[in-house]
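A.B. asks: Curious how this folds, go ahead:
(one chain, ligands or ions: 1)
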Amino acid sequence: MGDMKIGKIAVIGAGNMGHQISLCCALAGLETTCIDVSEEQLQSAASFVKRYLPERVSRGKLSEEEAAEAEKRLRFTASLEQGAREVDFVIEAVTEKLDLKKDLFRRLDQICPPQAVLATNSSFFVSSLLAPETDRPDRVCNMHFFNPALVMKCVEVVKGVHTSAETAATAMALARSLGKKPVLLHKEIYGFLVNRILRRIMDEALYLLDTGVASAEDIDSAVVNALGHPMGPFTLMDLTGIDLSYHAAMERYRKSGDPADKPSPTVVEKYVKGEWGRKKGSGFYTYEK
Ligand SMILES: NC(=O)c1ccc[n+]([C@@H]2O[C@H](COP(=O)([O-])OP(=O)(O)OC[C@H]3O[C@@H](n4cnc5c(N)ncnc54)[C@H](O)[C@@H]3O)[C@@H](O)[C@H]2O)c1
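C.D. replies: Model (predicted):
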């Protein structure tokens, strides 16, 4: 794996991303510890594993033996000291708050063996914000999975100026060993590859809707049937939440001050009306509760 052999891994965070990344690792044969401060999240992650593995067996995707082995390799704990002490690699997937991640990287640097790689799954914080908190900046990088992590093949590995070539190669090799199709970013950039491309598509789709060029249904249909995307941008925004699109645009606008970064009029209207997509029963489309 790169030049470095990865046998033991810790995933920090048992939320949306962490519980599935942990299971990917255990299924790929790694001794995995999933660590979270919340006992409730740990329990919910453990019961997901208890449901998911038998389901895969019953669908013929996994043998009973493989499922039992994976379950044995995956442990859950609230103790960072115990869970991260002997690992070769860490994937941090805690709440998207910079101070929280900085504090965690400081602690991980003290707990983990000196050769261990510390990777962050953050969607927006580049690892150069975290590397200075450690005495091993060469072993710090981004490793960005997509949701749901058990299903989505892409992983973005981002090499900061501080990241060694060996660390980037190790992260790429680890992703491949999980059955993923990793891509390497040779330098840090806000939003990495996928979210930057997605944002352009979303912005253009909203522009075409706001200016009355076409309906949401027809724009979605064109994107699916001409570009071959599995779903159109409005279906996707309904799925991820229009509140999220609103907050992401507001955050960009607050930072840049550029009016072009403001959320589109349709997004503002839907946000104010509470039409946030699937979870609210309506967004660009209407859903049965
Ligand atoms: N949700 C997505 O679609 C998605 C996709 C790719 C990347 N990400 C990134 O993954 C990270 C996690 O996102 P998520 O959606 O899984 O969040 P989440 O809120 O579902 O889970 C975060 C977990 O972190 C735990 N946590 C908080 N502080 C902790 C600490 N000090 N130690 C251990 N655990 C702690 C929380 O208890 C929670 O269970 C974020 O950085 C996010 O940007 C999210």
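A.B. asks: can I assume residue 20 sits in a strand?
C.D. replies: No. Counting by DSSP: H, G, I helix; E, B strand; the rest coil, residue 20 falls outside a strand, being helix.
A.B. asks: If I follow the layout properly, it ends up in contact with residue 152?
C.D. replies: No. Using C-beta atoms under 8 Å, residue 20 is not in contact with residue 152; the gap is 9.3 Å. In this view, the C-beta of every residue, glycine as well, is placed from N, C-alpha and C.
A.B. asks: Residue 210: neighbour count?
C.D. replies: Counted with other C-beta atoms under 10 Å, residues neighbouring residue 210 total 13.
A.B. asks: and it, what does it touch?
C.D. replies: 264, 265, 266 (C-beta atoms under 8 Å, 6 or more residues apart in numbering).
A.B. asks: Just the closest of the residues you listed to the ligand, please.
C.D. replies: Nearest to the ligand, judged by C-beta to the nearest ligand atom, of the contacts of residue 210 is residue 264 at 21.4 Å.
A.B. asks: Can you tell me which residue of the stretch 1-150 of the chain sits closest to the ligand?
C.D. replies: For the stretch 1-150 of the chain, C-beta to the nearest ligand atom, closest residue to the ligand: residue 15, 1.8 Å.
A.B. asks: gap between that residue and residue 202?
C.D. replies: 24 Å (C-beta to C-beta, to the nearest Å).
A.B. asks: Please apply the same query to residue 5.
C.D. replies: 41 Å.
A.B. asks: Could I get the full set of strands for the protein?
C.D. replies: Taking DSSP state E as the criterion, the chain carries its strands at 8-12, 31-35, 74-77, 89-92, 117-120, 140-145, 154-158, 181-185.
A.B. asks: Near the ligand, which residues of the stretch 1-150 of the chain? Just list them.
C.D. replies: 12-18, 35-38, 41, 93-96, 100, 104, 121-123, 144-147 (C-beta under 6 Å from any ligand atom).
A.B. asks: What number of residues are in the vicinity of residue 69?
C.D. replies: Residue 69 has 15 nearby residues by other C-beta under 10 Å.
A.B. asks: could we number from 30 for the rest of this?
C.D. replies: Fine by me, first position is 30 from now on; the one you just mentioned is residue 98.
A.B. asks: and the gap between it and residue 234?
C.D. replies: Taking C-beta to C-beta, one finds residue 98 at 45 Å from residue 234.
A.B. asks: likewise residue 240?
C.D. replies: For residue 240, the distance to residue 234 - C-beta to C-beta - is 11 Å.
A.B. asks: So for those two, which sits in the more crowded spot?
C.D. replies: Applying other C-beta under 10 Å to residue 240 and residue 234 shows that residue 234 carries more neighbours, namely 23 against 8.
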